[in-house]
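Visitor: Here is a sequence together with a model predicted from it:
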Amino acid sequence: MEKVAVIGAGSWGTALSIVLADNDHEVRLWTHRIEQAEAINNLHRNEKYLKNVEIPKQIRAYHDLSEAVDGVSAVIVVVPTKAIRDVCKQLQAVLKQKVTIIHATKGIEPVTLKRVSQLIAEEMEQYTEEEIVVLSGPSHAEEVALRQPTTVTVSSKDAKNASYAQDLFINDAFRVYTSPDILGIELGGALKNIIALGAGISDGLGYGDNAKAALITRGLAEIARLGTSLGANPLSFLGLPGVGDLIVTCTSVHSRNWRAGNLLGKGYKLDDVLEQMGMAVEGVRTVKAAYQFAEEQDVEMPITKGIYQILFEEENPKKVVEQLMSRTKREEMDDLAALLNERYTQ
Ligand SMILES: NC(=O)C1=CN([C@@H]2O[C@H](COP(=O)(O)OP(=O)(O)OC[C@H]3O[C@@H](n4cnc5c(N)ncnc54)[C@H](O)[C@@H]3O)[C@@H](O)[C@H]2O)C=CC1
Ligand SMILES: O=C(CO)COP(=O)(O)O
C-alpha cells in the first residue's frame, strides 16, 4: 500500500483516485477550491464533475497542498494543460521528498509547443523530463468511476518509473500497459482531442457515420504524420493512446471535446460553447499548438487546419467540409502505412 496525492479534483482526478483507493492505497485528492474539498469529505460526492458517483471514504480531499503531499511516494498531476505550470510551481515549493511524478493530462502548450512532461520538468527543477510518467488511453472518467473495463498505457523514459505506475494503478477493471515512447503517447493523447472536436462538428452538421469514420482514419494519418516527424514511433499511434483514444473520444457522448464540437456544428459560438461546457475542452488550445507545429514542421494536416479555421477564423464548418472533400486526388497509403512500410520492410 502506497501513500499518494492526486492533484486536481476534476472528473479525471476523481476517477483515478477511485482506482487508487480500490487498490488499497491511501489517497489524498487535492483541489484548489475549499468548498469542493469539504463536499468530498462530508458528502463523498463531486457533483459538478462526476455526477451520481459515490466517492470511497478512504479518499480524503485536501485544500492545503503541503499537507496533501506530505510523506507521499507518488504525485499524480491531473489538471488541465493551462494550469500545469502554475500547479507545478506550487508543488515545487512544498515537496520535501523526491517522489514519482505521474501525469494524466492531455494537451500541448500553444506557442512553446511543449508536451506536459516537458512543462512539468521545466517547472520542477529537481525532476528531469526522462523521469516523468504519463498515463493515457481510451478512458472516460464516467466509466472508470463505475469500474467498467478500461485499458490505458503508462509511459516514461525511465522503465522503473513506468513499471511502478503500472503496479500502482492496475486492477481487474483497469488494465495498464507500459510503453517507452512517451513522445508518441503524449502526442496521441493530445492530438486526438482535435479530431474529436471535428467528429462533434460533423455530427452537429447532421453528417453520418461515414463522415465520422473518415475523420477518425484520416485524423489518425495526420496525427501519425506529425508525430513521426517529431520522432515518435509510428506504432504508438496504432495503440491505446492513439487509435484507441481516437475511437472513444470521437464516438462517446461522455467526451467534452465531441460535445463542444457538436455545439459548434449546430452553429453556437466558441465562447458560448466553452461557457456552457464548464469543463476542460483541451482540443481548443491544442489545435492552436498543432496548427503552429504543422506550419513549422511543414507537415500536411488539413483536418487540423480546417478545425483551427472554424474555431479561430469563424470559417463556416460546411465550407471546411467542402474544402476537405475537394482536395487534390491522392493515393491513400501515403501516410501511416507508408511510414510503417519504410521502417519495417528495409
Ligand atoms: N475527464 C476524462 O474522462 C479524462 C480527462 N483527461 C484529461 O485530464 C485533464 C483534466 O481533465 P478533467 O478532469 O476532465 O477536467 P475537469 O474540467 O473535469 O476538471 C479540471 C479540474 O482542474 C481544476 N483546475 C483548473 N485550473 C486549476 C488551477 N489553476 N489550479 C488548480 N486546479 C485547477 C478545476 O478546478 C477542476 O477540478 C485534461 O487534460 C483531460 O484531457 C484524460 C482522460 C480522461
Ligand atoms: O481523453 C478522454 C478519454 O480518453 C476524455 O476526452 P474528453 O476530454 O473529450 O472528455
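Guide: Received the coordinates, thanks. Ligands and ions are numbered 1, 2, ... in the order given.

Visitor: near ligand 1, which residues of the chain?
Guide: Residues of the chain lying close to ligand 1 by CB under 6 Å from any ligand atom are 8-13, 31-33, 49, 78-81, 83, 86-87, 104-107, 139-141, 279-280, 282. The way it works is simple: take the backbone N, C-alpha and C, and place the C-beta from them, glycine included.

Visitor: Pull the number of nearby residues for Pro180.
Guide: Neighbour count for Pro180, taken as other CB atoms under 10 Å: 15.

Visitor: Just the CA trace of the lengthiest helix in the chain, in CSV.
Guide: Scanning the chain for the helix with the most residues, using DSSP state H, yields helix 182-204. C-alpha atoms of helix 182-204 as CSV (Å, rounded to 0.1, in the frame of the first residue of the first chain):
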residue,chain,number,x,y,z
ILE,A,182,6.5,9.0,-24.2
LEU,A,183,6.6,11.3,-27.2
GLY,A,184,4.1,9.2,-29.1
ILE,A,185,1.9,8.5,-26.1
GLU,A,186,1.6,12.2,-25.1
LEU,A,187,1.1,13.4,-28.7
GLY,A,188,-1.5,10.7,-29.4
GLY,A,189,-3.5,11.7,-26.3
ALA,A,190,-3.3,15.4,-27.0
LEU,A,191,-3.9,15.4,-30.8
LYS,A,192,-7.0,13.1,-30.7
ASN,A,193,-8.9,15.9,-29.0
ILE,A,194,-8.7,18.0,-32.1
ILE,A,195,-10.2,15.2,-34.2
ALA,A,196,-12.9,14.6,-31.6
LEU,A,197,-13.9,18.3,-31.9
GLY,A,198,-14.1,17.6,-35.7
ALA,A,199,-16.3,14.5,-35.1
GLY,A,200,-18.6,16.5,-32.9
ILE,A,201,-18.8,19.3,-35.6
SER,A,202,-19.6,16.7,-38.2
ASP,A,203,-22.4,15.2,-36.1
GLY,A,204,-23.7,18.7,-35.3
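
Visitor: ok, Met325 to ligand 2 distance?
Guide: 25 Å (CB to the nearest ligand atom, to the nearest Å).

Visitor: One more: Thr228?
Guide: In terms of CB to the nearest ligand atom, Thr228 sits 22 Å off from ligand 2.

Visitor: on that earlier part again, contacting ligand 2 as well, which ones from the residues of the chain next to ligand 1?
Guide: By CB under 6 Å from any ligand atom, the members of the residues of the chain next to ligand 1 lying near ligand 2 are 106, 139-140, 282.

Visitor: In TSV: those, plus neighbour count.
Guide: As requested, these are arranged in TSV below (neighbours: other CB atoms under 10 Å):
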residue	neighbour count
Lys106	27
Ser139	24
His140	19
Glu282	25
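
Visitor: show me the residues around the residue nearest the centre of the chain that make contact.
Guide: Taking CA atoms, centre = their mean as the criterion, Lys106 is the residue nearest the geometric centre of the chain, at 2.4 Å. By CB atoms under 8 Å, 6 or more residues apart in numbering, the residues touching Lys106 are 81, 116, 136, 186, 189-190, 192-193, 282, 286.

Visitor: of all those, which comes closest to Val176?
Guide: Checking these against Val176 by CB to CB gives Ser136 as the nearest, at 10.8 Å.
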